[in-house]
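Enquirer: how would this look folded up:
(chains A and B)
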Amino acid sequence: VLVADDDAVSRTVVAAILRKGGYAVHLANDGGEAWAALQGAEPPAIAVIDWMMPVIDGPEICRRLRSAQGPTLTYVILLTSRDGFADIVAGLDSGADDYVTKPAREDELLARVSVGVRVVTLQRTLADRVRSLEEALSSVKQLQGLLPICSYCKSIRDDQNYWRRVETYISDHSGVQFSHSFCPDCYERYVKPQLEALESNEAEGE
Amino acid sequence: VTVSDPALDPTVIESLRQLTAEGEPDVVREVLALFRGGAPARIAAIGAAWRAGDAGALQRTAHEFKGASATIGAFALQKCCRELEIAGRSGTLDRGSALLEALDAEYARVDAAIAELLR
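Expert: Purely as a prediction, here's the structure:
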């Protein structure tokens, strides 16, 4: 979690609350430092940012983040003063995800940060899922359209006008491999009579 | 706020104390020392803004000190700052002298309370 506040008193208390909550804390003394940390190689998942800061203020950081946001999302909680209702609306409009009024209360801050963790985790899980689906999609050979199939033996006619066994055709047009077995109905209908015929042949042989 | 109110709210001080992790420095001592280290310069900046007739600077400096005061539970000091902030916002600087005197007096109380706690 990034904690950005130019007021050392408030910054120290917010950091202590988050450390007690089990979070690793990175500190920034003004908006410039905060922006540098957010642009780093490993940007924090959560940022608690003071509204009023020198160099770059909280809402401006939100605006820059939202216009530059790559695939990794940073959940931003703005720290605002208790009487700044207009600030709250402006802050959320600038792209903040949530706000906490100063001075931050331990239980409230930790509850709001854990909401952020939930959102960031969900977003990352979804991004991972989309990525793996895209990979899967690109590796599947296309198998769609109208297939001419023999009504009796179920062979399929390919583009070269050859009649091919259905499993060969599907294997060639997808990632599917077939393992050959038999279903219970076919066992009764085909396999069992053959086994019985085999046994009676053997009995006759003896 | 009456004079009998404690300069530092004991509930706030206690909740700060609870934040100290095992084996780590006391958060109360750290925060109070930080507050005390920055306060004289902040009060001077508020006074300078008023004397310069700079309402914007008065609002900003009073707002900043208000936040730090609230964080350590110095609620009477926070109230002094809020009045100065409002004076700055509305541009009515005529009451400034009285408000600054009240700020100085209240800070003396807070400073003594901090000294007591840090002893």
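
Enquirer: use CA for all of it now, contacts and neighbours both
Expert: Fine.

Enquirer: pretty sure A:Gln160 is in a strand, no?
Expert: No: per DSSP: H, G, I helix; E, B strand; the rest coil, A:Gln160 lies outside any strand segment and is coil.

Enquirer: per-residue pLDDT, it?
Expert: We have a pLDDT of 83 for A:Gln160.

Enquirer: Now do it against chain B, distance only.
Expert: Counting by Cα to the nearest Cα, to the nearest Å, the separation of A:Gln160 from chain B is 75 Å.

Enquirer: For that residue, grab the count of nearby residues.
Expert: A:Gln160 has 6 neighbours, counted by other Cα atoms under 10 Å in any protein chain shown.

Enquirer: So which residues of chain A form helices?
Expert: Using DSSP state H, the helices of chain A run over A:8-20, A:31-38, A:58-68, A:85-93, A:106-139, A:166-173, A:184-186, A:192-205.

Enquirer: Which helix or strand contains B:Pro40?
Expert: Using DSSP states H and E, B:Pro40 maps to helix B:27-51.

Enquirer: typed the wrong thing, it's B:Ala112
Expert: B:Ala112 belongs to helix B:96-118 when assigned by DSSP H and E.

Enquirer: Need the contact partners of that helix.
Expert: Outside of helix B:96-118, the residues within contact range by Cα atoms under 8 Å, 6 or more residues apart in numbering or on different chains are B:7-8, B:29, B:32, B:36, B:43, B:47, B:50, B:74, B:76-77, B:80-81, B:83-84, B:87.

Enquirer: quick revisit: Throw the helices of chain A into JSON lines and include mean neighbour count, thanks.
Expert: Listed next are those as JSON lines, based on neighbours: other Cα atoms under 10 Å in any protein chain shown:
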{"stretch": "helix A:8-20", "mean neighbour count": "21"}
{"stretch": "helix A:31-38", "mean neighbour count": "19"}
{"stretch": "helix A:58-68", "mean neighbour count": "18"}
{"stretch": "helix A:85-93", "mean neighbour count": "15"}
{"stretch": "helix A:106-139", "mean neighbour count": "14"}
{"stretch": "helix A:166-173", "mean neighbour count": "15"}
{"stretch": "helix A:184-186", "mean neighbour count": "9"}
{"stretch": "helix A:192-205", "mean neighbour count": "11"}
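
Enquirer: I appreciate the help and will end here.
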